[in-house]
Every structure is written in C-alpha cells, then in structure tokens.
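Trainee: sharing a model that was predicted from the sequence below.
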Amino acid sequence: MKEGDEAHFNLFDYFLGDNRLSDVEDRAAIWWRGEMMTYRRLREKAELWTERLLNEGVGEGDRVGILLFDSPEFIAAFLATVRIGAIGVLINTFLTAEEAQFILKDSGARLLITEPPMDAKASGSNLPTIIVDREKNALITGSGSGMPKVFTTGQTPAFLLYTSGSTGMPKGVLHLHRSIPVTVKNYSRHILKLTPEDRLYSSSRLFFAYGFGNSLSFPLAEGASVILDAERPTPQRIARIFEEESPSVFFGVPAIYNALMGFHHAGNPLDVSSLRLCISAGEALPSKVFEDWKREFGIEILDGIGSTEMLHIFISNREGEAVAGSSGRVVEGYDAKLMDEAGEQIAEGESGGLWIRGESATALYWNLPDVTEKTIQNGWVKTGDVYRRDDSGCFFHIGRSDDCFKVNGLWVSPVEVESVLMGHEAVSEAAVVPSVDEMGLATGRAWVVIRTGEADESMKDSLFAYLRERLPRYKTPSQIEFIQELPRTSTGKVQRFRLRSGGG
C-alpha cells in the first residue's frame, strides 16, 4: 500500500468535495449543447444521482453499468457511483448487444444506467435499469440528502474499463480511487499544464481510458472545463466544434488527424485558431501527419502512448520538443524498460518489448487471475508494444509484438513501412501485414488508401519503386492491395486481423 492509501479518499470529494467546491463553484465545468454547467450545478446533479442509486439499493462494492453517450449525466452518474463506494463499469456504446451483455455479466453488475437506443443492447441482461430520457429531461427528483457513511481509501476499487477485445472477448481492467490523481499529477500537470481558462475537447469518448482522462479527470481536477458531444466525431462535426466552441486543447487519434487534414485539403474550413495544444494517442502518429499538421497550422501534435492498464499516457512528447515519428520521453512519475523475449533488458538502441511501471497501473484483470499474473510482474506491466529508445531518451514505436513479422529471418516493423508509404503524395493511409508469396515464402502485404490518382497497376508500380528506393529489399512488401478505407476498431486502431484474412 502506498503512503496515504490507508486514509480516507474518495474521487467525488477529490473533484467536488466541500473544500474543493468553494474554489471552483461558479466556474464552467461542462459545455454541453451550447450551454454551460458550473461546478456547483454538476455537484447538485451528482447528489441527485447519489440519491437515486441509494434508492435502488446500490451499496459498497456493487458494480454499476454505465452505458451512456458523453454527457453531463455520464459524469454525474459516475461520480455518484464512486461516492457511495460502488464500482462504475464504463461500457463502450459502439459494442454489439452480445459484447455489452458479456460485460454486464462478467462484471456482475447489479444495475445499469443507459439511454435510448443503447437500452436495446442490454435488454437481454434482465438487470434493473435506469433509463435517461434526454428529450423529456426527466430522470430523477429529490433533495440529494441521505448520504450514508462510506469509508473509501486510495486502494478502494473505483471503476472497470474493458479492453477492446481485439484478441477475444473484452477484459475488465480494474482501477482504484488513487489511479486518477496519479494521472493528473504525472501527465496533466507535466504535459498539459492546464489553467482554469482551458477548454478541453476529445474526439475519443469517456468510456475509453484515453477519453476518460481527457474529458473527466484532467479538466475537473484542474478547475478547467470540457466540451462534451454525443455526436460521431466526423471531420465536419469536429470542425464545427472548433469554430463554435473554441477549445484550447484537442485530443485525437492519428486517424482523426489524418481525416482532418484530408477535410482541410478538400477546401473545407478548419479553424484551429483557439488551439494551444493538440494531443494524439491510440496508435503511433505517422511522421507525415505530424509534419503536415505543423506546416499547415503551426501547431505540434504531441504524440504519446498510454494504455487501459495504465489509465492514460505514460510516454509523451513535450510542447516545443516534439520529435516526428517518436512517442517522446517517459512522463515523470513512470519508469520504462525494454526487454527481450527471455525477460532480459536489451542494449541501448535495440528493439524490445516495452514494460512500464507507475502508481496508476491496474490492480488486476477482473476474473482473470492468470492474465493478471502473466501481464503484471513485480509492479511492471507488459504493454505488448515493441519499441526502441535512442540516446536522447526518445522512444520509437516498432509495432505491437503480435504485428511484427519476419522476412528472410529478419524482423519487419509494419509501422516503419507504413510511414514510408505515407510519404508518397498519392497515399492517404496504409497498413502492412504479414503474408506469403506464390512460393509460400514469408513476405509483406500493404493495404493502401489512395488520396489522389487511380488505384491501378501503374499506381502499384509507382509505389513499389518508391518503396525500393527507401527500404531494404526484405522490408519492401511484395504485394500491394488497394482499399477504400482501413477497417478500424471503435478506438481508431487498425484491425490488422481483418487485413491478414483478406481485408473484409
């Protein structure tokens, strides 16, 4: 147990307790559908949610499913849940009914909070359910009184985030009350350096670890405000929010930045004049996207790597020091090391598996003790990512350990080949996966989205020639396929397993 973890600590008090509220009560906390909600109003809403949960019989340790679009109700319901010592189960609204019901069953949820049309996804769970009806604006009434005595500490379980399930059914990642303040101290205060005047906007949603920090942890902890939006974050929608809501900090993923660049190059207005910081995570940010964005708008994108297991970003670029193609340096408060397959630390400059250590690490995988034991060893979390580190301490992403492959006995990094491909003026996006040639020998196959020109044999010849000039022969894919768009998960990551099986 860390120092202080035995003392009373609760996330509701951390964000909205009496002492805290006296400093921020009249400030803007949330911008929602063109209206402003103060910190005091947010607390009142969370108090009403507290009463409703208590009336439903929710108690300490109970799991409460939250299947909501980004909204003030999401934040208020979450804070009410942790206030009474229950555990919030944050559910991805993009999941299928089967996946949502699996999470509710796996977590042992005793209550679900949802809204149309997601309520249909969970209808088979037969759980007691609170349905938010935004159109009627009718949810809960009451005085917000009757708070029971609950003693939580930094070590008390607070919420479950489920992984995307790209290698099977989703896995529950448990975080404690102390996890959020650690990410605030380590990442927000060292990298974002927020002030109360900042307005944050994230294209990644609250039910993701990345979006949860962006839209809840960081703005509320620093007395800043967040712009919440329930609509799909298309380039058109993001451009409208930039223009009408004037965010100062924007969080996206590489696919979003690439789409915004395409939107801008097509002649559409993209007003970034209010932005002072742009952040990227989820996948490695291609050098070309970084360079195009900086050249076009004069703003660096601060790429970084985080994970559900660590709750947020633990390696990041810094403002004024961003390096194209790099995830940056280790964030203060975290330790990182690169290990070989035998569990030995690798020499400087070589590639190895990334292990990370920090106090925001998950306590365990829910109901999966074997996975917990395999992934978390002596406080170190194995991320599954392969990196190299240069002599300045910058980390460069090679790929996921299960995405890298060998050709002629030599390792090929898909990220490296994709970065080269995207340097071609005709290429918008690219993904490289292992394949075999007509002789049954290992090779690479590139799936390419064309920005300009015809997706024909002459374009293939041009791309092959471009690659051969810039890569060793074994790294050059012998197969190129054109595709209208890359298949992606709801977090924006490329679904490489679909490309390996033919792109469908």
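Mentor: Here it is on my side, so go on. Numbers count the residues shown, from 1 in each chain.

Trainee: over to the residue nearest in space to the middle of the chain. Which of the three states is it?
Mentor: Nearest to the geometric centre of the chain sits Tyr210, at 3.0 Å (C-alpha atoms, centre = their mean). The three-state label given to Tyr210 by DSSP: H, G, I helix; E, B strand; the rest coil is helix.

Trainee: tell me the phi and psi of Leu21?
Mentor: phi -60, psi -30 (degrees, to the nearest 10).

Trainee: for it, list the residues it contacts.
Mentor: When contacts are counted by C-beta atoms under 8 Å, 6 or more residues apart in numbering, Leu21 touches 39-40, 43. For every residue, glycine as well, the C-beta is placed using N, CA and C.

Trainee: surely Gly399 forms part of a strand?
Mentor: Yes: with three-state DSSP as the criterion, Gly399 is part of a strand.

Trainee: what's around it, how many residues?
Mentor: 23 (other C-beta atoms under 10 Å).

Trainee: what ranges do the helices span in the stretch 151-300 of the chain?
Mentor: Using DSSP state H, counting those that start in this stretch, the helices found in the stretch 151-300 of the chain span residues 179-183, 209-212, 218-221, 235-245, 254-265, 287-297.

Trainee: roughly how far out does the third one sit from the chain middle?
Mentor: If you compare the mean C-alpha spot of helix 218-221 with that of the full chain, they lie 16 Å apart, counting by C-alpha atoms, centre = their mean, to the nearest Å.

Trainee: how is this structure divided into domains?
Mentor: As given by automatic domain parsing, the domain ranges for the chain are 1-176, 178-335+349-355+385-402, 403-500.

Trainee: pick the most deeply packed of these.
Mentor: Mean neighbours per residue, mean count of other C-beta atoms under 10 Å, is largest over the domains of the chain for domain 178-335+349-355+385-402, with a mean of 20.

Trainee: measure it end to end?
Mentor: 32 Å (C-alpha to C-alpha, to the nearest Å).

Trainee: would you mind measuring from the residue of the chain most remote from its centre to Arg400?
Mentor: Each residue of the chain has a distance to the centre, and by C-alpha atoms, centre = their mean the biggest one is for Met439: 40.7 Å. Separation of Met439 from Arg400 (C-beta to C-beta, to the nearest Å) stands at 27 Å.

Trainee: Pro247 too?
Mentor: 31 Å.

Trainee: check Arg470 too.
Mentor: 23 Å.

Trainee: over to Asn126?
Mentor: Distance from Asn126 to Arg400, by C-beta to C-beta: 37 Å.

Trainee: what do you get for Ile66?
Mentor: Applying C-beta to C-beta to Ile66 and Arg400 gives a distance of 29 Å.

Trainee: please apply the same query to Ser478.
Mentor: 22 Å.

Trainee: could you do Ala239 as well?
Mentor: To Arg400, Ala239 is 32 Å away according to C-beta to C-beta.

Trainee: now the helix or strand bottoming out on mean pLDDT in the chain, how far from the chain's geometric center?
Mentor: Least confident helix or strand of the chain, by mean pLDDT, DSSP states H and E, is strand 410-412 with a mean of 83. With C-alpha atoms, centre = their mean as the basis, strand 410-412 stands 29 Å off its chain's centre.

Trainee: grab the CA positions of the helix or strand just after it and hand them over as CSV.
Mentor: Elements were assigned by DSSP states H and E; along the chain past strand 410-412, the next helix or strand is helix 414-421. Output of helix 414-421 as CSV, limited to C-alpha atoms (Å, rounded to 0.1, in the frame of the first residue of the first chain):
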residue,chain,number,x,y,z
PRO,A,414,4.8,-2.6,-40.1
VAL,A,415,5.0,1.0,-38.6
GLU,A,416,8.2,1.7,-40.4
VAL,A,417,6.9,0.5,-43.8
GLU,A,418,3.6,2.3,-43.4
SER,A,419,5.4,5.6,-42.5
VAL,A,420,7.4,5.3,-45.8
LEU,A,421,4.3,4.6,-47.8
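
Trainee: and the gap between Ile480 and Phe464?
Mentor: 7 Å.

Trainee: now Glu309
Mentor: From Glu309 to Phe464 the distance is 39 Å (C-beta to C-beta).

Trainee: now Lys337
Mentor: Counting by C-beta to C-beta - Lys337 and Phe464 are separated by 38 Å.

Trainee: how about Leu410: what's its closest non-neighbour residue?
Mentor: Tyr474 (5.2 Å; C-beta to C-beta, 6 or more residues apart in numbering).

Trainee: where does that neighbour land in three-state SS?
Mentor: Applying three-state DSSP: Tyr474 is helix.

Trainee: rewinding a little: inside helices: which ones of the contacts of Leu21?
Mentor: Cross-referencing the contacts of Leu21 against helices under DSSP state H gives 39-40, 43.

Trainee: closest to Met459 out of these?
Mentor: Tyr39 (54.8 Å; C-beta to C-beta).

Trainee: contact partners for the closest one?
Mentor: 16, 21, 24-27, 29, 220, 223.

Trainee: can you list the residues you listed in a markdown table and add pLDDT?
Mentor: Output for the contacts of Tyr39, formatted as a markdown table (pLDDT from 0 to 100):
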| residue | pLDDT |
| --- | --- |
| Leu16 | 97 |
| Leu21 | 95 |
| Val24 | 96 |
| Glu25 | 95 |
| Asp26 | 96 |
| Arg27 | 97 |
| Ala29 | 98 |
| Leu220 | 98 |
| Gly223 | 97 |
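
Trainee: nearest to Thr50, of those?
Mentor: Leu16 (10.9 Å).

Trainee: now do the contacts for the closest one.
Mentor: 39, 42-43, 46, 79, 220.

Trainee: please tell me how far Ala281 sits from Phe208.
Mentor: With distances taken as C-beta to C-beta, Ala281 is found 10 Å from Phe208.

Trainee: tell me what Pro434 is bridged to.
Mentor: Beta-bridge pairing for Pro434 (DSSP bridges): Gly444.
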